[in-house]
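Student: fold the following for me, if possible:
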Amino acid sequence: MSEHLPPLPMDRTPAIGCIGAGFIMADCHLPAYRAASLNVRAISSRREAAARDVAKRHGIAVVHPDVTSLLDDPALSVIDIAVPPDVQPEIIREACRRPHLRGILAQKPLAGSCAEAAGLVRACREAGKTLVVNQNMRSDHAVRSCGRLLARGELGEPVLGTIEMRAIPHWMDWQQRQGWVTLRIMSIHHLDTLRFWFGQPRRIFTAVRPDPRTSLRFAHTDGICASTLEYDGGLICTSLEDVWAGPAQEGAEADCFVRFRVEGTNGLALGSIGWPAWPERVPSTLDVSTTAGGWQKPRWTESWFPDAFIGPMAELLRDLEGTEPAACTGEDNLLTMALVDAAYRSAEEHRAVDPAEILAEAGVG
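Tutor: Take a look at the predicted model:
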């Protein structure tokens, strides 16, 4: 399990322009890029003062007064977008109009629906831009190592996979205008990870209810979410996102965690994700037991936040240099977007939904 980290690009000189100066950019993207010695040249944000603060903190040479100015910067070849999903699509479309830009790293969710995301993917393809989506949970070292075990067949035929999250996220104000909370923000990580491990399921059944705590701030339906995924071969997966996690913020003792469990005919993998302890850096873990031997319990120093955030950008740069095609492409992410939209439809219509329904409606063949 020594290959637990994503491979880095050989050429780290391409100039990167960063759009956004919030927590994800300032505390996750940029520390990961600095540790990998990537060439972050410029930054812009909705508020120029915020961009200047982040530039000073991370030693970024150029601060653009607005997004248009950054996109027009001929020194840049790659842009990294970290803005809300209702703002991101127009930035991607504008980037497609700049011939000097070769690669785009976009946030998840790529857009507000699979259909809108499909339009962005087509625009990038027609403009010759390489689009990668920041599904960074795939790059967490425990998730990545579990994926390698599955790919090598060390767990045998997968029987049951579960991801269970009981944690209290810091919701962003922009979510209020979206009208949704968990499925497109937290569940999307877990559904994408299950796709990364096992491929696209045949159908998904999702039940949701509002989170009592978040309901005090704004109306929503998808607070607490429970999804069951069915595969043609008999594999069943479940994903639970409990953002209420009990009245921990109301005076009770807390029990917050993210765990996963994969059972196969030849082995068992148990994982934990250290993210709920943030800002404390708690490494993710993986314990493995197989019929070939007892427990293996490797331990690493890396944590999901911020270390895994190098993965998607590294994929993009390796693709651009011709070393290895990216996996988290815009095209691949349409399958995740379809799965999320299918979860919303399932919850609304109280039935299992085939993600192929969503893809067909989005014009994705």
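
Student: and the residue nearest to D53 when sequence neighbours are not counted, what element?
Tutor: Nearest in space to D53, with sequence neighbours left out and distances taken as CB to CB, 6 or more residues apart in numbering, is A21 at 7.2 Å. Bear in mind the C-beta positions are built from the backbone N, C-alpha and C, glycine included. Here A21 sits in a region with no helix or strand, counting by DSSP states H and E.

Student: measure A21 to L317 for me?
Tutor: Distance from A21 to L317, counting by CB to CB, to the nearest Å: 22 Å.

Student: ok, now D242?
Tutor: 36 Å.

Student: these two: who's more crowded?
Tutor: Legend: neighbour count by other CB atoms under 10 Å for D242 and L317, higher for L317 (28 against 19).

Student: check contacts around the more buried one.
Tutor: 9, 11-12, 14, 38, 78, 103 (CB atoms under 8 Å, 6 or more residues apart in numbering).

Student: name the SS class of it, please.
Tutor: helix (DSSP: H, G, I helix; E, B strand; the rest coil).

Student: now swap in A55 and tell me
Tutor: helix.

Student: surely it meets R41?
Tutor: No. Using CB atoms under 8 Å, A55 makes no contact with R41, being 10.4 Å away.

Student: so what sits against both of those two?
Tutor: By CB under 8 Å, 6+ apart, the residues touching both A55 and R41 are 61-62.

Student: distance to D255 added to the contacts of L317, as CSV?
Tutor: Output for these, formatted as CSV (distance: CB to CB, whole Å):
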residue, distance to D255
P9, 40
D11, 46
R12, 42
P14, 44
L38, 38
V78, 41
G103, 41
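
Student: so of those residues, which two are at opposite extremes in space?
Tutor: Maximum pairwise distance among these (CB to CB): 13.6 Å, between R12 and G103.

Student: who has more neighbours out of the two?
Tutor: Neighbour count, other CB under 10 Å: between R12 and G103, G103 has more, with 24 against 15.

Student: which residues does that one form beta bridges with?
Tutor: V78, T130 (DSSP bridges).

Student: domain parsing of this protein, as residue ranges.
Tutor: The chain breaks down into these domains under automatic domain parsing: 16-134+310-328, 141-304+337-349.
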